[in-house]
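J.: Curious how this folds, go ahead:
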Amino acid sequence: MQQDIQVKLKTTIVDNDITENNEVNELGKLYIKEHGDMIIYEERLDNEEQLIVKNIVTIQPDKVQIRRSGAVKMNQLFQEGKRSESVFHHPHGRMHMETFTKSIAYHPLDEQKQGKLTINYTVKLNGQEAREHFLEIILEK
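T.: Predicted coordinates:
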């Protein structure tokens, strides 16, 4: 099953006493399949037409995978209580990412309420001090 949705992505990064918040609102598609759900949407970086990133979020019972391609490239795997490594490709260079997933919660979109995916994790970029990350994706019809 496939349906058009509104995707609201909220990210919070905590680095010592500094908190950085970001929010993205885009139209996307939700694919509901037997083995899990998939969210696909595109976002523009810095409101520039040519800097487009395609995002694919695959949600399965035991893991979430976020793949980004275009102006930014990344393949990030989240499994509760586990560490993963990836490389973040940005127009300004590449960074090694070490992610530790603390928790994942997913409530699928249904007729009565919005869907929500929340992930709490830490990230070390290029071996620096780990920073706390909170990701929330809200899905609405």
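
J.: residue ranges with poor pLDDT in the chain?
T.: 47-49 (pLDDT under 70).

J.: Do a quick rundown of the strands in it.
T.: 2-15, 18-33, 36-44, 52-60, 63-70, 74-78, 83-90, 93-107, 115-125, 131-140 (DSSP state E).

J.: would CSV of the ones you listed with mean neighbour count be doable?
T.: Glycine gets a C-beta too; all of them are placed from N, C-alpha and C. Supplementary listing: the strands of the chain in CSV, determined by neighbours: other C-beta atoms under 10 Å:
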stretch, mean neighbour count
strand 2-15, 15
strand 18-33, 13
strand 36-44, 18
strand 52-60, 18
strand 63-70, 17
strand 74-78, 19
strand 83-90, 14
strand 93-107, 15
strand 115-125, 18
strand 131-140, 18
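
J.: Endpoints of stretch 9-29, how far apart?
T.: 14 Å (C-alpha to C-alpha, to the nearest Å).

J.: what sits up against that stretch?
T.: 2-8, 39-43, 129, 131-138 (C-beta atoms under 8 Å, 6 or more residues apart in numbering).

J.: Need the nearest residue in space to the residue nearest the centre of the chain, chain neighbours excluded.
T.: Among the residues of the chain, Ile66 comes closest to the average C-alpha position under C-alpha atoms, centre = their mean, at 5.5 Å. Setting aside the residues directly before and after it, Ile66 is nearest to Gln76 in space (C-beta to C-beta, 6 or more residues apart in numbering), at 4.8 Å.
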